[in-house]
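**Q** no sequence for this one, just the structure:
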Ligand SMILES: Nc1ncnc2c1ncn2[C@@H]1O[C@H](COP(=O)(O)OP(=O)(O)OP(=O)(O)O)[C@@H](O)[C@H]1O
Ligand SMILES: [Mg+2]
């Protein structure tokens, strides 16, 4: 089966499922206000394009801001924890505890504290990004091998130099596997934030379409949310590949 | 057995005890070890796995302190010698930083530690690339090199600060025999030209006799000197021997017997 057709197989897979959906679901008598056909969704997406775009923009802004905020704070705290055992031992368990609170339970609290503007959405997105990045970054910064640390010590490297020339570059692959999770999580966070209190954004559109049985628009909003997450994921992937070019055996 | 030389010895260790802190106490690794290495000597070190060969090099490089006893390297403490960049270490796995190119790896000693201590100039990197047969590979990343090439880079990096003592911990242990033999010859040529004192840990009896002027055979549990085998009678006036010379083969059998008896 190793042929040039192979990359096309997932497309065949998606196409068969879409075709089944298009013809089987109406044939089974499922009403279109519950599951509309793919063609109807796409037509709605085209027809309501300006509405969708105007709701995608705020969600994108919240996701990106939350992504930046959550990850920057996580990286900073990881650096502090790695350079101070005492602080890590004191506060890491607290962070672990906070992480066990489901984000859906925490989101209303955040809205309560920060009001109805853009800020609570950014914070919910940031909270989702924060934890995986913190954990991975700590692991990455602590990943240098015994030999690598001994090499630095033989060279009389300072703590700062060991950080700059060993710990930080060692942590980059760990950081990026967290950032790929965060890229998708930030969209989830922004949408959850919008559910709780907003009249714009994809989250608001989803809630409103659901209550109005506007199924085509609901599905269109869901698809655009997914696209947004895919775009973020790929942007992170592109940056990662540029930074980690050294890992590929071919020049 | 001491070596009579005009210059002061490079390394003097007296009644050395070394161990590691472990749960519930200390794991004694080396006990009551005496060693004297002449300046410019090539000393090879063999011994059963876990007898403390790497540990001995770690003490000399100031990576761990001894429990008791004294160590003098070039007449000073290991810490001072490390600060002065008079000692360099080559690890078995090369320990190249994967995100740095060959050139950047070799130049690492210029970028960390007290810069004043690094005597070499950036131009030396080119000379070392040439010397170690790495010309044209300077832009490659470690993942794009063979095992032998990686060790050459590690040696070039160690040589950058022109150390007076080179500590090598099984540097060729992971290489195929042909590559290992070639690097053996290159290392001998380097040693002859620079006069660097080299301590070279190996598991290969052939390598230990081929390279060393003396072979330090260690015994295990606790790690101690089994015998210091002097090979200078084996080696010709140029300080070399072939691997097949009868005297060399005899010395190898002797080292083997010591290892099997320990
Ligand atoms: N960091 C450490 N902490 C505790 N024990 C250690 C540590 N490093 C080494 N040891 C122990 O010290 C002993 C000597 O180790 P060392 O690495 O010096 O042996 P070696 O002679 O180099 O062995 P090999 O030939 O396998 O490399 C071993 O029993 C090892 O388990
Ligand atoms: Mg060892």
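**A** Sure thing, it's come through. The structure presented is a predicted model; accordingly, all values stated were derived computationally and were not measured. Ligands and ions are numbered 1, 2, ... in the order given.
**Q** mind listing the helices for chain A?
**A** Ranges of helices in chain A, per DSSP state H, are A:9-27, A:38-47, A:49-83, A:85-99, A:103-114, A:119-141, A:146-154, A:159-162, A:168-196, A:202-211, A:215-243.
**Q** please disregard the earlier target; I meant chain B.
**A** So, for chain B - with DSSP H - the helices run B:53-60, B:78-83, B:102-106, B:108-111, B:123-131, B:147-159, B:177-194, B:205-211, B:246-261.
**Q** now do the third one: distance to the chain's middle.
**A** Meaning helix B:102-106. 21 Å (Cα atoms, centre = their mean, to the nearest Å).
**Q** around chain B, pick out the residues from the stretch 51-200 of chain A.
**A** A:145, A:147-148, A:150-158, A:161-162, A:165-166, A:169, A:172 (Cβ under 8 Å from any Cβ of the partner chain). (C-beta placed from N, C-alpha, C; glycine too.)
**Q** report the buried members of the residues you listed.
**A** A:148, A:150-157, A:161-162, A:165-166, A:169 (16 or more other Cβ atoms under 10 Å in any protein chain shown).
**Q** between those, which is nearest ligand 1?
**A** residue A:150 (10.2 Å; Cβ to the nearest ligand atom).
**Q** how much space is there between the closest one and residue B:88?
**A** 12 Å (Cβ to Cβ, to the nearest Å).
**Q** need the contact list for the residue lying farthest from the centre of chain A.
**A** The outermost residue of chain A relative to its centre, with distances by Cα atoms, centre = their mean, is residue A:154 at 41.1 Å. Counting by Cβ atoms under 8 Å, 6 or more residues apart in numbering or on different chains, residue A:154 touches B:61, B:62, B:63, B:82, B:87, B:88, B:89.
**Q** on that earlier part again, can you redo the buried ones among the residues of the stretch 51-200 of chain A next to chain B as JSON lines with pLDDT?
**A** Output for these, formatted as JSON lines (pLDDT from 0 to 100):
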{"residue": "A:148", "pLDDT": "96"}
{"residue": "A:150", "pLDDT": "96"}
{"residue": "A:151", "pLDDT": "96"}
{"residue": "A:152", "pLDDT": "96"}
{"residue": "A:153", "pLDDT": "94"}
{"residue": "A:154", "pLDDT": "94"}
{"residue": "A:155", "pLDDT": "93"}
{"residue": "A:156", "pLDDT": "92"}
{"residue": "A:157", "pLDDT": "94"}
{"residue": "A:161", "pLDDT": "95"}
{"residue": "A:162", "pLDDT": "96"}
{"residue": "A:165", "pLDDT": "96"}
{"residue": "A:166", "pLDDT": "97"}
{"residue": "A:169", "pLDDT": "96"}
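**Q** let's see which of the contacts of residue A:154 end up in strands.
**A** B:87, B:88, B:89 (DSSP state E).
**Q** reformat those as TSV; add distance to chain A and pLDDT.
**A** Putting the ones in strands among the contacts of residue A:154 into TSV (distance: Cβ to the nearest Cβ, whole Å; pLDDT from 0 to 100) gives the following:
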residue	distance to chain A	pLDDT
B:87	7	94
B:88	7	94
B:89	5	95
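**Q** out of those, who's nearest ligand 1?
**A** Nearest to ligand 1, judged by Cβ to the nearest ligand atom, of those is residue B:89 at 13.2 Å.
**Q** you'd agree the closest one is up against residue B:57?
**A** Yes - here residue B:89 reaches residue B:57: they are 7.1 Å apart, a contact under Cβ atoms under 8 Å.
**Q** which residues do these two both contact?
**A** What both residue B:89 and residue B:57 touch, as defined by Cβ under 8 Å, 6+ apart, is the set B:167, B:169.
**Q** so if I had to pick from these two, which one is more boxed in?
**A** Using other Cβ atoms under 10 Å in any protein chain shown as the criterion, residue B:89 and residue B:57 rank with residue B:89 on top: 27 against 21.
**Q** quick one: contacts for that one?
**A** A:150, A:151, A:154, B:57, B:61, B:158, B:167, B:168, B:169.
**Q** can these go into TSV with extra columns for distance to residue A:122?
**A** Formatted as TSV, those follow (distance: Cβ to Cβ, whole Å):
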residue	distance to residue A:122
A:150	43
A:151	42
A:154	46
B:57	53
B:61	50
B:158	50
B:167	54
B:168	55
B:169	52
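**Q** the bottom helix or strand of chain B by mean pLDDT?
**A** Ranked by mean pLDDT, DSSP states H and E, the weakest helix or strand in chain B is helix B:123-131, scoring a mean of 85.
**Q** pass me the low-pLDDT residue ranges in the stretch 151-251 of chain A, would you?
**A** Confidence mapping of the stretch 151-251 of chain A against pLDDT under 70 gives the ranges A:248-251.
**Q** same question, the stretch 1-150 of chain A
**A** Scanning the stretch 1-150 of chain A for pLDDT under 70 picks out the ranges A:1-2.
**Q** ok, now chain B?
**A** B:1-6, B:114-123, B:262.
**Q** list, one by one, the residues from chain B near chain A.
**A** B:58, B:61-63, B:82-83, B:85, B:87-89, B:91, B:93, B:95, B:97-100, B:108-109, B:111-114, B:117, B:139-144.
**Q** quick one on the thing from earlier: which one of the contacts of residue A:154 sits closest to residue A:211?
**A** residue B:63 (67.5 Å; Cβ to Cβ).
**Q** can you pull the contacts of the closest residue in space to that closest one that isn't next to it in sequence?
**A** Of all residues not flanking residue B:63 in the chain, residue A:150 sits nearest, at 5.3 Å (Cβ to Cβ, 6 or more residues apart in numbering or on different chains). Shown in contact with residue A:150 (Cβ under 8 Å, 6+ apart): B:58, B:61, B:63, B:89, B:91.
**Q** change it to 10 Å
**A** A:144, B:54, B:58, B:61, B:63, B:64, B:89, B:91, B:95, B:169 (Cβ atoms under 10 Å, 6 or more residues apart in numbering or on different chains).
**Q** which one of those residues has the most neighbours?
**A** residue B:89 (27 neighbours).
**Q** how much space between that residue and residue A:13?
**A** Taken as Cβ to Cβ, the span from residue B:89 to residue A:13 is 54 Å.
**Q** buried ones in stretch B:77-89?
**A** Buried-residue list, stretch B:77-89, by 16+ other Cβ under 10 Å: B:78, B:81, B:82, B:83, B:84, B:85, B:86, B:87, B:88, B:89.
**Q** find the residue at the geometric middle of chain A.
**A** Geometric middle of chain A (Cα atoms, centre = their mean) lands on residue A:184, at 2.1 Å.
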